[in-house]
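Visitor: Sequence plus predicted model, see below.
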Amino acid sequence: MDLVQKGNRDGFHQGTQLQPSHLWLLIKASKQLNSTLDFEELLSLTVSLTKELMEVEACSLLLLDKRGEELSFHIHFNQRVREKETVRLRWGEGIAGWVAREGKGRIINHPEEDPFFLPEKEGKLSHPVLFVPLWGREGVIGVLEAIRPLGDRSFTEENLALFSAFAEQVGIAVENSRLYNQARREVLEKSTLYEIGKKISSSLDLNEVLDSIIDSLRKVVDYDAAGIYLIDPVDQHIKRETTRGYPPAMEAKVRLKVGEGVMGWVAKTGKGEIVPDVSQDSRYVMAKEDTKSEIAAPLISEGKVIGVFNLESEKLNAYDEDDLLLLTTFASQAAVAVENALLHEEVTKKRLLDKDLALARQIQRTFLPKFRPRIPGFDISGINLPSQEVGGDYYDFIRITDEQWGLVVGDVSGKGISASLIMASFRASLIAEIRNNYSIGEILKKVNNLLYESTEEDKFVSAIYGVLDTVKRVFTYANAGHNPPILLKREDRVEYLDRGGIVLGWLYNSTYQEERVRLDSGDILVMYTDGVTEATNQQGEEFGMERLLDVIKGNLDLTARALRVKIVEEVRRFAPSQGDDLTIVVVKVE
């Protein structure tokens with residue numbers, strides 16, 4: 001609304017001459033009003049000067065908001081109106097609204113008889129009241145009222161002329177105070193932004209950065225509750241927040257999904273939002289019962305919304321476009337700080353994880369054989385190559401007696417830390433049962449039940465476990481759902497060791513059958529995990545059993561160690577990128 005067109009300034013007191021004594025009083029009032037730029041002090045002066053100049057009991061003062069839409073009481077019957085109790089009149093509403101719209105003063109000696117009077121908003125007036133507009137440089141900025149005691153004399157045209165002239169001085173003083181406070185606020189805003197810039201550049205701790213921003217913001221935009229919320233890019237929920245002013249029991253309600261509530265809407269659209277009255281906005285999710293208005297701005301980094309800045313007030317219509325612009329500026333700084341802090345946090349976590357993984361790898365290596373066993377008549381070698389820092393493959397050579405050695409290769413479903421933990425549990429259970437001198441089938445049955453009871457439904461272990469009798473040259477084994485080892489006999493005959501049962505940990509009380517095979521001079525036994533045969537090249541082809549067998553047949557004269565090195569070389573030549581853990585054990589009968 002154009003303030004210049006809000007009234008006829010020339011119609012204040014035409015045809016009415018002020019007395020010299022009145023002029024002296026106006027000069028005195030002007031000096032006092034222009035002696036301060038403090039808004040609160042100016043309001044007090046307006047009350048005292050109005051009572052003195054107009055010889056009245058009380059006065060009230062209403063000011064127009066920045067949008068030129070509403071008048072609100074700042075002084076009501078001499079009392080400073082608390083912001084939470086402010087009564088607002090729409091432009092043109094009530095006697096005060098009419099005076100502001102028309103730009104003309106009015107004498108109301110009997111308010112209750114005036115058709116424009118609104119007692120529910122303007123107070124229960126039965127006293128004579130004088131209304132005059134307050135003028136600024138561009139139009140009406142408010143209304144000033146003078147109220148006489150009940151039964152006292154009525155106001156006259158001379159009173160109206162004097163009060164109008166005084167109101168001009170008040171209007172100028174109020175506008176000067178506002179301009180001064182606006183300039184001071186702009187300086188404070190810039191200073192606060194500068195201070196925040198220094199703070200956020202000096203810290204990479206996310207919580208510290210967010211606390212600094214939200215506490216500094218109160219210096220320039222007041223709030224009763226506030227929060228900085230970050231959005232989880234995976235599930236689109238707020239994953240972390242720094243808040244002020246919300247009751248602890250209500251904070252859970254602030255956790256919204258993108259698109260829900262005012263904050264969710266801002267996160268979805270990437271645009272700031274002002275809600276003058278939350279009771280009239282269906283998007284508002286109540287997290288604080290006294291909230292009347294809300295403002296929110298997105299945190300945007302590299303064109304992507306990473307969070308939301310939100311303020312709530314217990315006053316209606318508490319925020320305007322200037323506040324939104326400032327909040328958006330703060331949000332921009334916050335977004336940079338958050339991104340830097342999140343990156344630092346991610347790097348720190350990765351560094352700690354790498355340290356933990358290195359330790360886990362070091363521990364896991366202790367589970368694997370440190371040396372290959374020296375067994376007369378046999379050449380044995382093994383290797384474990386995890387696809388990540390730690391893995392779920394396992395192999396071991398377990399000395400049972402001088403003539404008997406346990407050979408085991410296992411593969412846990414999945415990769416990484418979770419698989420390595422299950423592998424450790426499998427190893428511990430297996431060694432414990434081996435020491436109890438059970439049969440091979442019974443050992444696997446007991447290990448199966450232990451894994452079934454201690455692992456999740458989708459986790460299992462495939463394994464081959466057997467005992468090598470070095471004197472009788474017999475290998476007795478049971479295969480628990482594992483890739484069948486290849487036994488290449490000297491006469492070029494191939495046997496696959498697949499006798500046994502299902503994978504370990506899948507069904508309770510599963511049974512496992514044992515099988516005995518004779519090992520003759522020149523025989524080669526190769527045990528492996530699916531990281532060998534299922535290695536996949538760029539064309540989607542698997543290395544497969546046939547290629548593995550061809551490598552073995554083509555290198556019969558190599559030692560056990562050289563043969564397993566050759567197998568690894570061929571697998572990596574076929575599929576340079578290792579996607580799964582890889583384990584190989586080679587046994588050559590001399």
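Guide: That came through fine. Everything numeric in this text was worked out from a predicted model, so none of it was measured. Numbers count the residues shown, from 1 in each chain.
Visitor: Count the neighbours of Ala335 for me.
Guide: 20 (other C-beta atoms under 10 Å). C-beta: built from backbone N, CA, C; applies to glycine.
Visitor: Which strand or helix spans the nearest residue to it once chain neighbours are set aside?
Guide: Computed as C-beta to C-beta, 6 or more residues apart in numbering, the closest residue to Ala335 that is not its neighbour in sequence is Leu299, at 4.1 Å. Using DSSP states H and E, Leu299 maps to strand 293-301.
Visitor: so how far is that strand off the chain centroid?
Guide: 13 Å (C-alpha atoms, centre = their mean, to the nearest Å).
Visitor: So what are the sheet partners of the next helix or strand after it and their directions?
Guide: Downstream of strand 293-301, the next assigned helix or strand under DSSP H and E is strand 304-313. Strand 304-313 has the following sheet partners, assigned by DSSP bridges: strand 225-231 (antiparallel), strand 293-301 (antiparallel).
Visitor: Distance to Glu40 added to those strands, as TSV?
Guide: Below are the strands paired with strand 304-313 laid out as TSV (distance: least, C-beta to C-beta, whole Å):
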stretch	distance to Glu40
strand 225-231	25
strand 293-301	23
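Visitor: any idea which of those scores lowest on pLDDT?
Guide: The weakest mean pLDDT among the strands paired with strand 304-313 belongs to strand 225-231, with a mean of 86.
Visitor: For that strand, C-alpha coordinates in CSV please.
Guide: The C-alpha trace of strand 225-231 is given here as CSV (Å, rounded to 0.1, in the frame of the first residue of the first chain):
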residue,chain,number,x,y,z
ALA,A,225,12.2,-21.0,20.0
ALA,A,226,14.7,-21.8,17.2
GLY,A,227,16.4,-24.7,15.6
ILE,A,228,18.9,-25.6,12.9
TYR,A,229,18.0,-28.9,11.3
LEU,A,230,20.0,-31.2,9.0
ILE,A,231,18.5,-33.6,6.6
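Visitor: so how far is it off the chain centroid?
Guide: 8 Å.
Visitor: Tell me how many other residues crowd Glu113.
Guide: For Glu113, using other C-beta under 10 Å, the count is 9.
Visitor: how close does it sit to Asp580?
Guide: According to C-beta to C-beta, to the nearest Å, Glu113 stands 93 Å off from Asp580.
Visitor: Quick check: which ranges of the stretch 451-590 of the chain have low pLDDT?
Guide: The model of the stretch 451-590 of the chain has no residue with pLDDT under 70.
Visitor: could you pull out the helices for it?
Guide: 530-533, 544-553, 560-574 (DSSP state H, counting those that start in this stretch).
Visitor: Is Val305 bridged to anything, and to what?
Guide: Applying DSSP bridges, one finds that Val305 bridges with Ile300.
Visitor: Quick check: pLDDT value at it.
Guide: 88.
Visitor: Please name the residues that touch the residue nearest to Ala335.
Guide: Leu299 is in contact with 228, 230, 305-309, 331-332, 334-335, 338, counting by C-beta atoms under 8 Å, 6 or more residues apart in numbering.
Visitor: In JSON lines: those, plus distance to Ile383.
Guide: Shown next, in JSON lines, are the contacts of Leu299 (distance: C-beta to C-beta, whole Å):
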{"residue": "Ile228", "distance to Ile383": "52"}
{"residue": "Leu230", "distance to Ile383": "45"}
{"residue": "Val305", "distance to Ile383": "49"}
{"residue": "Ile306", "distance to Ile383": "45"}
{"residue": "Gly307", "distance to Ile383": "48"}
{"residue": "Val308", "distance to Ile383": "53"}
{"residue": "Phe309", "distance to Ile383": "55"}
{"residue": "Ala331", "distance to Ile383": "55"}
{"residue": "Ser332", "distance to Ile383": "54"}
{"residue": "Ala334", "distance to Ile383": "51"}
{"residue": "Ala335", "distance to Ile383": "49"}
{"residue": "Val338", "distance to Ile383": "46"}
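Visitor: Of these, just the buried ones, ChimeraX syntax please.
Guide: Here is the ChimeraX selection string for the buried members of the contacts of Leu299, based on 16 or more other C-beta atoms under 10 Å:
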select :228,230,305,306,307,308,309,331,332,334,335,338
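Visitor: farthest-separated two in the contacts of Leu299?
Guide: The span of these, defined through C-beta to C-beta, is set by Leu230 and Ser332 at 15.1 Å.
Visitor: hang on, the earlier thing: for Asn437, state which of the contacts of Leu299 is nearest.
Guide: Closest to Asn437, out of all of these and judged by C-beta to C-beta, is Leu230, at 58.2 Å.
Visitor: nearest residue to that closest one other than its sequence neighbours?
Guide: Per C-beta to C-beta, 6+ apart, closest to Leu230 is Gly307, 4.2 Å.
Visitor: do you know how far the one you found is from Met263?
Guide: To Met263, Gly307 is 9 Å away according to C-beta to C-beta.
Visitor: Ok, Phe475 next?
Guide: 67 Å.
Visitor: So the two - more neighbours on which side?
Guide: Met263 (29 against 23).
Visitor: Wait, the more buried one touches Phe309, no?
Guide: No: Met263 is beyond contact range of Phe309, at 9.0 Å (criterion: C-beta atoms under 8 Å).
Visitor: list residues touching both of those two?
Guide: 229, 296.
Visitor: sorry, back to before: distance-wise, check the residue nearest to Leu230 relative to Thr511.
Guide: 57 Å.
Visitor: Span of stretch 59-73 from start to end?
Guide: 11 Å (C-alpha to C-alpha, to the nearest Å).
Visitor: Show me how far it is from its chain's centre.
Guide: The answer for stretch 59-73 is 39 Å, by C-alpha atoms, centre = their mean.
Visitor: in it, what's buried?
Guide: 59-64, 68, 70-73.
Visitor: Kindly report the same for stretch 421-440.
Guide: Buried, per 16+ other C-beta under 10 Å, within stretch 421-440: 421-427, 429-431, 433-434, 440.
Visitor: relative to strand 225-231, how tilted is the helix or strand hosting Lys349?
Guide: Here Lys349 is covered by helix 321-367, with elements defined by DSSP H and E. Put simply, helix 321-367 runs at 50 degrees to strand 225-231, going by axes from the mean of the first three to the mean of the last three C-alpha atoms, to 10 degrees.
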